[in-house]
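*Asks:* next comes the sequence, and after it the predicted model I'd like to discuss.
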Amino acid sequence: MSLSNEVTIRVAVFEDNEQLLESLHQLIEATIKFICTGAFSNAQHLEKKIAQSNPDVVIMDIDMPGINGIDAVSILHIKYPHIRVLMQTVFDDNDKIFAAIRAGASGYILKKSSSAKIIEAIVDTYNGGAPMTPSVAEKVLNMLRYQNQNAQAENINLSEREKEILTLLVKGKSYKMIAAECFISIDTVNSHIKNIYEKLHVHSKSEAVVKAINQKLI
């Protein structure tokens, strides 16, 4: 987990379970360099709530009454593309996982995850990563292999190091894990990923994953 000294991450939480909502609120407030700018039990009047809380990262429950998490992340992706969204759910659900990623979610984590894992996922999401539990990452990969099978191949020239890092991204590895596995700094990982995004003409990890699978780049 890497965070510069001057950074404070602003987090808003959308969760219809009041006990879990309060738990997440307390966890965020108790974490150094974090501030919970909003804790909401539903996504009604979403744009007003986002304008009031002005978050860097949103933790979004996928199953909420009224506007569900998938619809909410779709709205955020269009209206507030700079805000990163970390989805939370109880179960690994293939259809909902894929729908959330297609809608623009930056990452995905299960509600049973430890406090440390949740905080790490928020930081990773803030830093441009796409945290996923191993089981979620595996199921996303399985789904993506069957999407757009007839997509036309592009001439994309990635270096061997870029292919290595892209492969780890597809596997759901965090920036910290990629840095450790490749024996490079997180800043170097960020630099490589920026180059990968430029070559793939994408703007997020989820888009890069989809393109990597569709174009058989790894």
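*Replies:* Structure received. Numbering: from 1, shown residues only.

*Asks:* for the protein, longest helix please?
*Replies:* Taking DSSP state H as the assignment, the helix of the chain that covers the most residues is helix 186-200.

*Asks:* contacts for that helix, please.
*Replies:* Contact with helix 186-200 is made by 2, 127-128, 156-158, 161-162, 165-166, 169, 175-176, 178-179, 182, 203, 205, 207-208, 211-212, as judged by Cβ atoms under 8 Å, 6 or more residues apart in numbering. In this view, the C-beta of every residue, glycine as well, is placed from N, C-alpha and C.

*Asks:* any quick ChimeraX command for the buried ones out of the residues you listed?
*Replies:* Selection command for ChimeraX covering only the buried members of the contacts of helix 186-200, criterion 16 or more other Cβ atoms under 10 Å:
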select :2,127,128,158,162,165,166,169,175,176,178,179,182,205,207,208,211,212
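
*Asks:* just the buried positions in the longest helix of the chain, please.
*Replies:* Buried residues in helix 186-200 (16+ other Cβ under 10 Å): 186, 189, 190, 192, 193, 196, 197, 199, 200.

*Asks:* before we move on, what about stretch 45-64?
*Replies:* So for stretch 45-64, counting by 16+ other Cβ under 10 Å, buried means 46, 49-50, 53, 55-64.

*Asks:* quick one: residues in contact with the strand or helix carrying residue 178.
*Replies:* For residue 178, the host element (DSSP states H and E) is helix 175-182. Contacts of helix 175-182 with the rest of the structure, by Cβ under 8 Å, 6+ apart, involve 1-2, 120, 124, 127-129, 161, 164-165, 168-169, 173, 185-186, 188-190, 193.

*Asks:* also stretch 52-70?
*Replies:* With Cβ under 8 Å, 6+ apart as the criterion, stretch 52-70 contacts 9-17, 24, 37-38, 42-44, 46, 50, 72-73, 75-76, 83-90, 93, 96, 99-100, 103, 105, 122, 125-126.

*Asks:* hmm, 6 Å instead?
*Replies:* With Cβ atoms under 6 Å, 6 or more residues apart in numbering as the test, stretch 52-70 has contacts from 9-16, 37-38, 42-44, 72-73, 83-89, 96, 99-100, 103, 122, 125-126.

*Asks:* quick one: end-to-end distance for stretch 86-103.
*Replies:* Counting by Cα to Cα, to the nearest Å, you get 12 Å between the two ends of stretch 86-103.

*Asks:* now that stretch: buried residues?
*Replies:* Neighbour counts over stretch 86-103 (16+ other Cβ under 10 Å) mark 86, 87, 88, 89, 96, 97, 98, 99, 100, 101, 102, 103 as buried.

*Asks:* let me know the closest of these to residue 115.
*Replies:* Among the buried residues of stretch 86-103, residue 88 lies closest to residue 115 (Cβ to Cβ), at 13.0 Å.

*Asks:* ok, the closest one touching residue 111?
*Replies:* Yes. With contact defined as Cβ atoms under 6 Å, residue 88 counts as touching residue 111 (5.3 Å).

*Asks:* residue contacts, the nearest residue to residue 107 once chain neighbours are set aside?
*Replies:* In this structure, residue 107 finds its nearest non-sequential neighbour in residue 131, 4.1 Å apart by Cβ to Cβ, 6 or more residues apart in numbering. Residues near residue 131 by Cβ under 6 Å, 6+ apart: 107, 121, 124, 174.
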